[in-house]
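Student: I would like to see how this sequence folds:
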Amino acid sequence: MGHSVRTAHAKVNLWLNVVGRREDGYHLLDSLVAFVDLADSVEARPSDRLSLAVTGPESAALAGEGDNLVLKAARLLAGRAGIPPLAAIGLVKRIPVAAGLGGGSADAAATLRALADLWRLALPEDALFEVAGALGADVPMCLAGRTALATGIGDRLMPAPALPPVAILLVNPGVALPTREVFAARRGPFTLDRPAPPPWRDMPELVAALAARGNDLTEAAMSLQPVVAEMLAFLRRDGEARYAAMSGSGATCYALYDTIAAARRAAAAVPERWWRYAGVFVSGAA
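Tutor: Numbers count the residues shown, from 1 in each chain. All right, here's what the predicted structure looks like:
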C-alpha cells in the first residue's frame, strides 16, 4: 500500500456579516469564502499506530500540542468506518496558526481525504461531510475547497459566482486574536440578511459587492488589537490596491490587486515585523 498526499488551502473570508445568534450562542453568518494558493500539505502513510509529525516554516507554533484537529479527524473517520486509526501523518505547515485563515480546519479536511484514500474507504461524499461537520463549522467548507457563500454558522454552503482574475496580499501581525473574544466584543445590531449577490463580471463589480457587505467584526477586532487598524491603513495607502479588508475574525487582513506582480510589489513594502503572502485564488478541492 502506498501513501496519499492532499493539499490544505488557506481560507479567506472576503466579506463577513453577522446576521443573528442561535440560542446555543453560535452566531449566524453570511460570508463569501475563497481559497488561496498558500497551502499546507498532509501526507498519510501506512503504520501500525497513529502518529503526527509536523514540519515546515510555521510548525513551531504547533510544538508541544498533544492533540489537534488532524489527529481528531483521523480518529473520527476511523470510528465512522469501524477500523483502527493506523497511519503515520506528516503535516507541512505553511499557513500561520491562529491567523483566521482556517489552517487547522483545512488540515483536518485534507486529512479526511488523505486517509479515506489511504484506507480505501468507500464512504459517500455526504458521509465525509458529516464527519467534517463534527470537527467544526469551518471543516466542511475546507473539504469542499471552492469559493462559496457560507450561511448558518458557516456550515451551509452555496456555490458563489466565479471570482474574476485577481491577486491577493495577506498580512498578519503575529498577535493572538481569539475568535470567541472578537465575537464577544462586537457591538450594535445584527446585519439584515440579504439575498445572494448577482454574478460579478469583473474586478470593479466584485469590489462593489465586497464594499457593500464589509466585515462586521472589524471594529471589534481593532478594539482588541489596534494593529488591525494599522494594517488596514497601510494596505489602503497603496495606490495599486483595489480593495482592502479584514478576513473573518482577524487578525489577518487582505488587499486585492489586478495582477500578482502588483501584489508582490505591495508585499515587498510590508513592514518586516508582519507576516505577508502574495498569491492568487484557487478553485476546486485538491
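Student: Now do residue 72, the pLDDT please.
Tutor: Turning to residue 72, the model gives it a pLDDT of 96.
Student: Actually, residue 222.
Tutor: Per-residue pLDDT puts residue 222 at 96.
Student: Backbone dihedrals for it, please?
Tutor: When read as degrees, to the nearest 10, the backbone of residue 222 gives phi -70, psi -30.
Student: Which parts of this protein are helices?
Tutor: For the chain, the helices defined by DSSP state H occupy 69-81, 103-118, 125-135, 139-144, 179-185, 203-213, 218-224, 227-237, 260-268.
Student: Buried ones in the third one, by neighbour count?
Tutor: In this case it means helix 125-135. Under the neighbour-count criterion of 16 or more other CB atoms under 10 Å, helix 125-135 has 128, 129, 131, 132, 135 buried. For glycine as for every other residue, the C-beta is placed from the backbone atoms N, C-alpha and C.
Student: Format the CA atom coordinates belonging to that helix as CSV.
Tutor: Provided in CSV are the C-alpha atoms of helix 125-135 (Å, rounded to 0.1, in the frame of the first residue of the first chain):
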residue,chain,number,x,y,z
GLU,A,125,-19.3,12.2,-0.1
ASP,A,126,-22.1,13.2,2.3
ALA,A,127,-20.7,10.9,4.9
LEU,A,128,-17.3,12.6,4.6
PHE,A,129,-19.0,16.0,5.0
GLU,A,130,-20.9,14.6,8.1
VAL,A,131,-17.5,13.7,9.7
ALA,A,132,-16.1,17.1,8.7
GLY,A,133,-19.1,18.9,10.3
ALA,A,134,-18.5,17.1,13.6
LEU,A,135,-14.9,18.5,13.7
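Student: sorry, back to before: okay, the helices of the chain, which one's buried deepest?
Tutor: Most buried of those by mean neighbour count (mean count of other CB atoms under 10 Å) is helix 103-118; its value is a mean of 26.
Student: Out of the helices of the chain, which gets nearest to residue 3?
Tutor: Proximity to residue 3 (CB to CB) singles out helix 103-118 among those, at 6.9 Å.
Student: what's the angle between that closest one and helix 69-81?
Tutor: Helix 103-118 runs at 40 degrees relative to helix 69-81, counting by axes from the mean of the first three to the mean of the last three CA atoms, to 10 degrees.
Student: packing partners for helix 103-118?
Tutor: Under the contact definition 3 or more CB pairs under 8 Å, 6 or more residues apart in numbering; DSSP states H and E, helix 103-118 sits against strand 4-21, strand 27-45, helix 69-81, strand 87-92, helix 125-135, helix 139-144.
Student: got these as a markdown table, with distance to residue 270 columns?
Tutor: As requested, the helices and strands packed on helix 103-118 are exported to a markdown table (distance: least, CB to CB, whole Å):
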| stretch | distance to residue 270 |
| --- | --- |
| strand 4-21 | 17 |
| strand 27-45 | 15 |
| helix 69-81 | 29 |
| strand 87-92 | 24 |
| helix 125-135 | 33 |
| helix 139-144 | 26 |
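Student: wait, which of those is closest to residue 198?
Tutor: That would be strand 27-45 among those, by CB to CB, at 13.2 Å.
Student: quick one: that closest one to helix 69-81, angle?
Tutor: Orientation check (the same axes, to 10 degrees): strand 27-45 against helix 69-81 gives 80 degrees.
Student: what's the spacing between strand 27-45 and its chain's center?
Tutor: 4 Å (CA atoms, centre = their mean, to the nearest Å).
Student: same deal with stretch 69-81?
Tutor: Counting by CA atoms, centre = their mean, stretch 69-81 comes out at 20 Å from the chain centroid.
Student: outside of that stretch, which residues touch it?
Tutor: Stretch 69-81 is contacted by residues 42, 50, 52, 84-87, 89, 91, 104-105, 107-109, 111-112, 115-116, 119, 121, 123, 127, 130-131, 134-136, 139 when judged by CB atoms under 8 Å, 6 or more residues apart in numbering.
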